[in-house]
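Participant: Just a sequence and a predicted model for now, questions to come.
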Amino acid sequence: MELNDANLQTLTEFLQKTLDPDPSVRRPAEKFLESVEGNQNYPILLLTLLEKSQDNVIRVCAAVTFKNYIKRNWRIVEDEPNKISEPDRTAIKANIVNLMLSSPEQIQKQLSDAISIIGREDFPQKWPDLLREMVNRFQSGDFHIINGVLRTAHSLFKRYRHEFKSNELWIEIKLVLDTFAKPLTELFKATIELCQTHSTDVNALKVLFSSLTLISKLFYSLNFQDLPEFFEDNMDTWMANFHSLLNLDNKLLQTDDEEEAGLLELLKSQICDNAALYAQKYDEEFQPYLPQFVTAIWNLLVTTGQEVKYDLLVSNAIQFLASVCERPHYKHLFEDQNTLTSICEKVIVPNMEFRSADEEAFEDNSEEYIRRDLEGSDIDTRRRAACDLVRGLCKFFEGPVTGIFSGYVNSMLGEYAKNPGVNWKHKDAAIYLVTSLASKAQTQKHGITQANELVNLTEFFVNHILTDLKSPNVNEFPVLKADAIKYVMIFRSQLPKEQLLQAVPLLVAHLQTESTVQHTYAAHALERLFTMRGPNNSTLISPTEIAPFTEQLLNNLFKALALPGSSENEYIMKAIMRSFSLLQEAIVPYIPTLIGQLTHKLLLVSKNPSKPHFNHYLFESLCLSIRITCKANSATVGSFEEALFPVFTEILQNDVQEFVPYVFQVMSLLLEIHSDTIPPSYMALFPHLLQPVLWERTGNIPPLVRLLQAYLQKGGSTIATSAADKIPGLLGVFQKLIASKANDHQGFYLLNSIIEHMPPESITQYRKQIFILLFQRLQSSKTTKFIKSFLVFINLYCVKYGAIALQEIFDNIQPKMFGMVLEKIVIPDVQKISGQVEKKICAVGITKILTECPAMMDTEYTKLWSPLLQALIGLFELPEDDSIPDDEHFIDIEDTPGYQTAFSQLAFAGKKEHDPIGDAVSNPKILLAQSLHKLSTACPGRVPSMLSTSLNAEALQFLQGYLQAASVQLV
């Protein structure tokens, strides 16, 4: 693409269209941009637009498009085309910092993110002057530029907070510190002086305080991995200034907004985080400063109001106290009973209260409320921080703290009892207090796993929780009902089974409540209860125990999807999936009705997929309906195809990228259920599955390979007769996959199915070429994964076509090649094979080479006979990996939010492991003994003499065992 006005104009028009709300205008524009993004100069055109366009909307759109382009394409992935040319990469790095610093803030943020994505890959080796270029800008004195640098540095360095320690990381951080720590400290001091100079100029203060917040964030990132020498030497400067900033209260920076945190709050929040980091990780060095920080932060807590804008500050301040009280060093600060009472009274209880802001979120912004409360992302809420502080205090003072709080809980419950209608918030706080007191350890999978012995959870459940769940008006006091449901869910591993069973029908009833939070919690609680394990690895709650309310459960779950705000509620969909999985054949009578509702829902969400988890569980539920119903009666597969194919066709025709891999998985499942023929509707689709464009997207590869395997398994001969012209296309797919290190195993899956299921004559003309391709790949890059797959393939070939055919095809490519493969690959590497079926294929294949290949007995290959037998006995006897049984009902279906290239495996579309040898060989050791016996009768005396001269004693002993077990002898 040339850098000219015409191209800039075209690009502007298409960017404009990507903002159009009408999908018929937007989608083609997005497709066009996707199709040209591999062209040279494309990113440079975007940067030119965002710099020079007169239209501000287009500038911002170009910036966002550029950032996403960098995000998708900058990383160079082995085996995949490099979409950004080297000249473009160089030009981007040469111009982007300048461009970022001279752009308005909205664009600056996007370019700053792009720099950090590029930096993640290229800094420091391929972009050594980045830091120097940034640090030089500190001298400019222009805080718009300085803040741009700080923002970029923050997005570049914040990964140090969660990277694993490694040599490369230390080298990089040292380089950053050597270049950056001193200028940053100087800038920090200078900015604080400027704050004093401009203490009455509100606009200057706003800019300066943004800088101080960014500097404090950088301090956190640079100090996270270890305490750098420079910061240790300058601790006085940093801590004295942090302390005075905590105590600072400039009226000009106070905001009237009750919701949004102001600059002062953001800065103090970050300083609390920095102090907590030092208190936790560098307590010896930080000890002299600790008392003054405890005092300052305590004063902050006691004087800060209940408004939402202070939430982050208060929760970080409480987290600081929580991290301090857990350390044995600081235990003495909290020992006094009055101190504990004061903390409980002034910090913990007030921050556990359910405020009107929480009530608004509960009613009007339920999605955000659930995300914060259920998914543990409420890390910055006051309640979570107060809970952590309770947990921290209980580490050393469990008895006294439980005592103090028991009094509070009883008085709160007493207040509630006097007038529930008015005082319900007291009970809410009491439940929260009990929960935070009782929970010592928690996991996502099991809820609370370790509880405080001083709290009687069962008694509290019976007296205070069950009453709310049983109340006839399910819509009354929704917050308390949600609390009660959450209590059951959190303490599910602690409560006795009969109480959980008592709760199930009550939870089913709550699926019908008006409050989104309430019916979502009910669905989530049921889903969690259904995954609990009982004795013998079965589910704790059995289908029989659910039988009385199966119909109501399924009805209410599907009705809940029709409630306002829950049409794509992932918790409800996950509960539907889990209920299907638990109930198994008990759902069959309901499927004819339910499948219609599921396909209708699929049609709706495919128009604009926006909830990855919901969509994933929807496909899982479809798979379960198919598996369970067809297991009971395989003839029903046709009615599923009738229901699903119209929607699937629409998804494939509109190329709904997020759904295509799912559709292929469900189609594989359906096709695998058919008896041994391919229905015409599938054959019509077959040519389309070989189109190269489908194979470009990595997320399509695993499900497409599986679908092609299903085609081959059900109708290899149909393909050979009615679609023989498509065989080169099929082998083209194999050739593409085998060239990639990431996908070569998928290529072998396909190849093995071709060998196993296609009539031999249909692929005779291609066999030699297949082997040549494999050898070329062996020469260019030989990985363990490739070797393992290659070994399984050649042994499968041997099992299918015979040992002589295998030896001849190798030696036709190059004389003595067969011996080289045995000597260099099979004998040294066969031990690497893992997996029962793979080992069996290799064992049977090698047995055939040893006993059915004349060349092994009387040519120069004979010297390899004993080492090969030795290797086979090693494969049998040396230790192998223990495989884990696949308890798929309990699989915690992983979060699959990344749609871009990730392939989301459907757990319930799972494919049974296929054994191509099957019952023909049940025990490969016996087969070896019988085959050696047969060989020895054909040439008496040869086999025993070869064994006695070159097999080691241990292997010989194992072999004797096989011969005895098979009741045969060698002649």
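Facilitator: Everything's here; your move. Numbers count the residues shown, from 1 in each chain.
Participant: going forward, measure contacts between C-alpha atoms and count neighbours the same way
Facilitator: Noted.
Participant: Let me see the mean pLDDT of stretch 622-631.
Facilitator: Stretch 622-631 shows a mean pLDDT of 96 in the predicted model.
Participant: repeat for stretch 17-24
Facilitator: Computed over stretch 17-24, the mean pLDDT rounds to 90.
Participant: Kindly export that stretch (C-alpha atoms) in CSV.
Facilitator: What follows is the C-alpha trace of stretch 17-24 in CSV, where atoms were taken according to Å, rounded to 0.1, in the frame of the first residue of the first chain:
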residue,chain,number,x,y,z
LYS,A,17,-17.8,2.6,8.5
THR,A,18,-16.4,0.5,11.3
LEU,A,19,-18.2,3.0,13.7
ASP,A,20,-21.6,2.4,12.0
PRO,A,21,-24.2,0.7,14.3
ASP,A,22,-25.6,-1.3,11.4
PRO,A,23,-23.8,-4.6,11.2
SER,A,24,-24.3,-4.8,7.4
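Participant: That one: which residues count as buried?
Facilitator: Neighbour counts over stretch 17-24 (16 or more other Cα atoms under 10 Å) mark 17-19 as buried.
Participant: cool, and stretch 803-820?
Facilitator: 803-804, 806-808, 810, 817-819.
Participant: From these, pick the one nearest L963.
Facilitator: When the buried residues of stretch 803-820 are compared for distance to L963 (Cα to Cα), A803 wins out at 22.3 Å.
Participant: For that closest one, list the residues it contacts.
Facilitator: Applying Cα atoms under 8 Å, 6 or more residues apart in numbering, one finds that A803 lies in contact with 845, 848-849, 852-853.
Participant: In helices, which of the buried residues of stretch 803-820 fall?
Facilitator: Assignment to helices by DSSP state H places the following of these there: 803-804, 806-808, 810, 817-819.
Participant: could you point out which element follows the host helix or strand of S155?
Facilitator: S155 belongs to helix 143-157 when assigned by DSSP states H and E. Following the chain from helix 143-157 toward its C-terminal end, the next helix or strand by DSSP H and E is helix 167-197.
Participant: Could I get the average pLDDT for that following helix?
Facilitator: For helix 167-197, mean pLDDT is 95.
Participant: Against which helices or strands is the next helix or strand after it packed?
Facilitator: Reading on from helix 167-197 to the C-terminus, the next helix or strand found by DSSP H and E is helix 202-224. When contacts are defined as 3 or more Cα pairs under 8 Å, 6 or more residues apart in numbering; DSSP states H and E, helix 202-224 packs onto helix 143-157, helix 167-197, helix 263-281.
Participant: could you dump the ones you listed to TSV with distance to F293 and mean neighbour count?
Facilitator: Putting those into TSV (distance: least, Cα to Cα, whole Å; neighbours: other Cα atoms under 10 Å) gives the following:
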stretch	distance to F293	mean neighbour count
helix 143-157	25	22
helix 167-197	19	15
helix 263-281	8	22
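Participant: Compare those helices and give me the one nearest W865.
Facilitator: With respect to W865, and counting by Cα to Cα, the nearest of the helices and strands packed on helix 202-224 is helix 167-197 at 47.0 Å.
Participant: the inter-axis angle of the closest one versus helix 202-224?
Facilitator: Compare the direction of helix 167-197 with that of helix 202-224 by axes from the mean of the first three to the mean of the last three Cα atoms, to 10 degrees and you get 150 degrees.
Participant: helices and strands around helix 167-197, which ones?
Facilitator: Using 3+ Cα pairs under 8 Å, 6+ apart as the contact criterion, the secondary-structure elements in contact with helix 167-197 are helix 130-136, helix 202-224, helix 229-233.
Participant: and with 7 Å instead?
Facilitator: Using 3 or more Cα pairs under 7 Å, 6 or more residues apart in numbering; DSSP states H and E as the contact definition, the elements that helix 167-197 packs against are helix 202-224.
Participant: circling back to that earlier point, can you put the buried residues of stretch 803-820 in CSV and add pLDDT and distance to M412?
Facilitator: Rendered in CSV, the data for these read as follows (pLDDT from 0 to 100; distance: Cα to Cα, whole Å):
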residue, pLDDT, distance to M412
A803, 97, 82
I804, 97, 85
L806, 97, 81
Q807, 97, 84
E808, 96, 87
F810, 97, 83
M817, 96, 84
F818, 97, 83
G819, 97, 84
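Participant: Give me the distance between H329 and D273.
Facilitator: The spacing between H329 and D273, counted by Cα to Cα, to the nearest Å, is 19 Å.
Participant: Identify the residues contacting the helix or strand containing D113?
Facilitator: Here D113 is covered by helix 105-122, with elements defined by DSSP H and E. For helix 105-122, contacts defined as Cα atoms under 7 Å, 6 or more residues apart in numbering pick out 60, 63-64, 67, 70-71, 74-75, 100-101, 148, 151-152, 155-156.
Participant: List just the nearest of those to I546.
Facilitator: I546 has its nearest neighbour among those in K71, at 47.8 Å by Cα to Cα.
Participant: The closest one: neighbouring residues, count only.
Facilitator: Residue neighbour count, defined by other Cα atoms under 10 Å, stands at 15 for K71.
Participant: Likewise for K52?
Facilitator: Burial of K52 is recorded as 11 neighbouring residues (other Cα under 10 Å).
Participant: Now it, what are its backbone angles?
Facilitator: Here is the backbone geometry of K52 (degrees, to the nearest 10): phi -110, psi -20.
Participant: wait, what's in contact with the residue lying closest to it once chain neighbours are set aside?
Facilitator: Setting aside the residues directly before and after it, K52 is nearest to R59 in space (Cα to Cα, 6 or more residues apart in numbering), at 8.0 Å. For R59, the contacting residues are 49-50, 53, by Cα under 7 Å, 6+ apart.
Participant: can you check L947 too?
Facilitator: When contacts are counted by Cα under 7 Å, 6+ apart, L947 touches S866.
Participant: Which positions in the helix or strand hosting it come out as buried?
Facilitator: L947 is part of helix 942-950 when elements are defined by DSSP H and E. Of the residues in helix 942-950, those buried by neighbour count under the rule 16+ other Cα under 10 Å are 943, 947.
Participant: How far does that helix sit from its chain's centre?
Facilitator: Between the centre of helix 942-950 and the centre of its host chain there is 55 Å, according to Cα atoms, centre = their mean, to the nearest Å.
Participant: And the average pLDDT for it is what?
Facilitator: Per-residue pLDDT values across helix 942-950 average out to 89.
Participant: what's the following helix or strand after it?
Facilitator: Tracing the chain C-terminally past helix 942-950 and defining elements by DSSP H and E, one meets helix 953-965 next.
Participant: which strands and helices sit next to that next one?
Facilitator: Under the contact rule (3+ Cα pairs under 7 Å, 6+ apart), helix 953-965 is packed against helix 924-938.
Participant: Nearest residue to S211 in space, please, no chain neighbours.
Facilitator: Sequence neighbours aside, N147 is the residue nearest to S211 in space, at 5.8 Å (criterion: Cα to Cα, 6+ apart).
Participant: right, and the one you found touches L212 too?
Facilitator: No. With contact taken as Cα atoms under 7 Å, N147 and L212 are classed as non-touching, separated by 9.5 Å.
Participant: shared neighbours of the two, which are they?
Facilitator: Residues touching both N147 and L212 (Cα under 7 Å, 6+ apart): none.
Participant: on that earlier part again, kindly format the C-alpha coordinates of the helix holding S155 as CSV.
Facilitator: Extracted C-alpha coordinates of helix 143-157, given in CSV (Å, rounded to 0.1, in the frame of the first residue of the first chain):
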residue,chain,number,x,y,z
PHE,A,143,4.1,18.0,32.2
HIS,A,144,1.9,16.9,29.3
ILE,A,145,5.0,15.3,27.8
ILE,A,146,6.3,14.1,31.2
ASN,A,147,3.0,12.5,32.1
GLY,A,148,2.9,10.8,28.7
VAL,A,149,6.4,9.3,29.5
LEU,A,150,5.3,8.3,33.0
ARG,A,151,2.1,6.7,31.7
THR,A,152,4.1,4.7,29.1
ALA,A,153,6.7,3.7,31.6
HIS,A,154,3.9,2.5,34.0
SER,A,155,2.3,0.3,31.3
LEU,A,156,5.8,-1.0,30.4
PHE,A,157,7.0,-1.8,33.9
